[in-house]
Structures are given as structure tokens and as C-alpha cells.
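Peer 1: missing the sequence, but the structure's below:
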């Protein structure tokens, strides 16, 4: 069942003081993760407190944006435009829920190497997505 890849038009992301740097850097083509200085673990989605230890000692670090598919699903029922969603385990150890854009859906598999890409929202904000490596 190879579904044609019709690009999604993303809604504009909600921005707030905690994620402003994230979206600003995405617009420049860079993807940032928060890293906790107390427990030495990175996390995503960006927030001021570490979800692992509760520390507020976090900093922004650039991500290489490479990893592998942990699991994925095809969203085809009840949606106007079919799309793929995936959990991607980054090489930095963080697992993220993301959109996956692949020209051949039948080739997508668990363990597949993927890399960061960007897709524009309705207003032109870069939204991180992943594509086959």
C-alpha cells in the first residue's frame, strides 16, 4: 500500500518564552535540544526544567538531527491528507515524535536511518520533520 506523499501544510507553531529559541533556530535551519547540566541528559520538547531530574540548569545544544525509526504509523483514515508519524531515536539518545516524509511509504521500516529536514508552516516558519537518510 504505497500512498503518494502529498506534503502537509503545517499550522503555525505556538511560540512562547520557553520555546522561542527553538523556533528561532529552526527558522535558520538548525535544530536545538535542551540538555540538563545536572543529570547530563538531553530532552525534547524544549522546556525550562529537566523532565528527568527536575533541575532548571538546562542549556541549548545543537542536534545533528540524525537517528533511526523506533516505530511509525500511517495516518490514512479520517484525514484529508495522509501522512506518516514516527518516533525517532536520535543519535544523541533522545526519542522524538515527529512527522516523517518519505517518497516510498513501502520502504519505511523500523530501524531505518533518517535525518532532519524542514517543512514550512502556513506562514513560512520552518517545522522540523524527518526524511530517509
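Peer 2: Noted; the coordinates are in hand. What you see is a predicted model; the values in this text were computed from it and never measured.
Peer 1: contacts, neighbours, all on C-alpha from now
Peer 2: Fine.
Peer 1: in the protein, which strand has the most residues?
Peer 2: Counting residues, the longest strand in the chain under DSSP state E turns out to be strand 66-75.
Peer 1: who are the packing partners of that strand?
Peer 2: Counting contacts by 3 or more Cα pairs under 8 Å, 6 or more residues apart in numbering; DSSP states H and E, strand 66-75 is packed against strand 83-90, strand 113-120.
Peer 1: now do it: everything it contacts.
Peer 2: Residues from elsewhere that reach strand 66-75, judged by Cα atoms under 8 Å, 6 or more residues apart in numbering: 82-91, 109-116, 133.
Peer 1: buried sites along that strand?
Peer 2: 66, 67, 68, 69, 70, 71, 72 (16 or more other Cα atoms under 10 Å).
Peer 1: residue 12 sits in which helix or strand?
Peer 2: Using DSSP states H and E, residue 12 sits within no helix or strand.
Peer 1: surely it meets residue 122?
Peer 2: Yes. With contacts counted by Cα atoms under 8 Å, residue 12 reaches residue 122, the gap being 6.1 Å.
Peer 1: okay, the residue nearest the centre of the chain: pLDDT?
Peer 2: Residue closest to the average C-alpha location in the chain (Cα atoms, centre = their mean): residue 98, at 4.3 Å. Model confidence at residue 98, given as pLDDT, is 96.
Peer 1: from the contact counts, what lies against the helix or strand hosting it?
Peer 2: Using DSSP H and E, residue 98 sits in strand 95-100. Applying 3+ Cα pairs under 8 Å, 6+ apart, we find strand 95-100 packed against strand 83-90, strand 126-132.
Peer 1: adding mean neighbour count, write those strands out as a markdown table.
Peer 2: Formatted as a markdown table, the helices and strands packed on strand 95-100 follow (neighbours: other Cα atoms under 10 Å):
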| stretch | mean neighbour count |
| --- | --- |
| strand 83-90 | 21 |
| strand 126-132 | 21 |
